[in-house]
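1. generate coordinates for the sequence data below:
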Amino acid sequence: MSITQQEAEKAKAKESIVKYARSHSMEKAILKFGIPRRTLFAWQKRWLEGGRTYQALINHSRRPRSHSRAHTEAELTLLRNLRRRNPNIGLQDFWLRAKSHGYARTLQGCEKALERLGNPTQPKSSPSPTCKQHKTYEQMTRPGERVQIDVKYVPRACISLEYLEQYPFDRFYQYTAIDEYSRYRVLWGSREHNTFASAEFLKIVVSQLKALGIEIECIQTDNGAEFTKRLLVDDDDKKSLFELTASRLNIQVKYIKPHTPKHNGKVERSHREDQKLLYSEVIRKQKPFVSFDDFKQRLKRHQDKTNNRPMRPLGLLSPNDFLQQYYVKHKPYNH
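-> Residues are numbered from 1 along each chain as shown. All right, here's what the predicted structure looks like:
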C-alpha cells in the first residue's frame, strides 16, 4: 500500500515522541507534548510490535475493503446482461425482470448498481432557466375522484403486413383511462376513433372500476372530437354521445385547456410508457399483431401487467396493491 509524504512525516513525529518517552519518562513526554497517556501507550505498543520503525505508526483506514451487502459479481453480470438485452425499459420494469431471474435486491439497490455500471435508467435533466413555475397540481384524495381518459393511435408498423393487405383501411386505437389517485388503468382496443367508441369505452371503464369498488365522480379529457363538440359548434346544448353517456351515468366531465396535453399528464405519460414497453417491443421483436383480436388480447395482458407493476408515486406499490391497502382502511376490496 503506497503512503503519502504527509502520512510518513506524521508517523516519524509519533516515533520521535515515543523515543523521547522511552529515554526520559512517560510523564515528561505527556507534559511536554500534551499527548494522552492512553494514546502514548498505544503508540509505543504499535512501535515495538512493528519492529521499532516509524512505518508501524502510520494510520491505516479501518474502512472494510468490501461491503458485506455489496453486489456479487454474479449479480452484476445478471444486471449487465439484462440491460444489454433490454436497453429501453424503465427502472421498475428492469427491476421486476431481474427479480424473475433470481435478483433479490431492492429497487434502490438495483438503481445504484446500474449507475455504478454506467447504465443510469433515468438521466436527470436540469430545468430550463426560462421554464415557467406552474402552480402545484391538485392531489386526489380517494379512488374515482378524477379519471383521465385519452386515445392513442397504434403505429401501423405494429400490425402485420398480411392483415394490412387484407384490411388496408383499418386503424387500431388504444383507449386509456387512469384513476389519478391509484394509477389503476383500463385499456381497450378499438377500430374506431369517434364519440360512439368513446361512449362505449366509458361504459367499460365504469364497469371495471365498479368491480373494484370505485365509483367515478369526474372524468377529464382533452377537447378531441371523439369526446366533445364544444369547440366545433356554437350551441352548447349539442352534446356528444360521450357527454350524454357520462350525464346518464351521473359523472362530471372536465376538459383541459386547448393545446395543453400536460394537464392530462398522467394518461399522456402512461401512453409514452406503453409506446416504450409494448409497441416498440412489438417492432423490435418483430412480433406484430396478426389480427384485431390478437391486439386486444395482448393489450389486456399489458393492462394486467402494468396494474401489477410497482410505481414510485405509490411508494413502490402496484396500483392493485395500493387499492387493496386503501380499502383495508376504508371498505372491502372487491378485486
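2. what comes up buried for stretch 247-254?
-> Buried residues in stretch 247-254, counting neighbours by 16 or more other C-beta atoms under 10 Å, are found at 251, 253. C-beta: built from backbone N, CA, C; applies to glycine.
3. output that stretch as CSV, restricted to C-alpha atoms.
-> Once non-C-alpha atoms are left out, stretch 247-254 reads as follows in CSV (Å, rounded to 0.1, in the frame of the first residue of the first chain):
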residue,chain,number,x,y,z
SER,A,247,-74.5,12.5,-17.9
ARG,A,248,-76.7,9.4,-17.7
LEU,A,249,-74.0,7.8,-15.5
ASN,A,250,-74.0,10.9,-13.2
ILE,A,251,-70.4,11.6,-14.0
GLN,A,252,-69.0,15.1,-14.3
VAL,A,253,-66.9,15.8,-17.4
LYS,A,254,-64.0,18.2,-17.2
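4. just the residues contacting it, thanks.
-> Stretch 247-254 is touched from outside by 146, 202-203, 206, 216-221, 227-228, 239, 242-243, 246, with contacts defined as C-beta atoms under 8 Å, 6 or more residues apart in numbering.
5. so how far is that stretch off the chain centroid?
-> When distances are taken as C-alpha atoms, centre = their mean, to the nearest Å, stretch 247-254 is centred 32 Å away from the chain's centroid.
6. and if you look at stretch 81-95?
-> A distance of 12 Å separates the centroid of the chain from that of stretch 81-95, by C-alpha atoms, centre = their mean.
7. who's in contact with that stretch?
-> By C-beta under 8 Å, 6+ apart, the surrounding residues in contact with stretch 81-95 are 97-98, 101, 103, 107, 110-111, 114, 117, 119, 121-122, 273, 276-277, 280, 309-312.
8. tell me how many other residues crowd S23.
-> Other residues near S23 come to 9 when the count uses other C-beta atoms under 10 Å.
9. one more: N307?
-> The criterion is other C-beta under 10 Å. On that basis, N307 has 20 neighbouring residues.
10. separation between the closest residue to it other than its chain neighbours and G265?
-> On the basis of C-beta to C-beta, 6 or more residues apart in numbering, the spatially nearest residue to N307 that is not a chain neighbour turns out to be P319, at 4.8 Å. Taking C-beta to C-beta, to the nearest Å as the measure, P319 falls 17 Å from G265.
11. neighbour count winner among these two?
-> Each of P319 and G265 had its neighbours counted (other C-beta under 10 Å), and the higher figure belongs to P319 (23 against 14).
12. spit out the contact partners of that one.
-> By C-beta under 8 Å, 6+ apart, the residues touching P319 are 179, 182-185, 306-308, 311.
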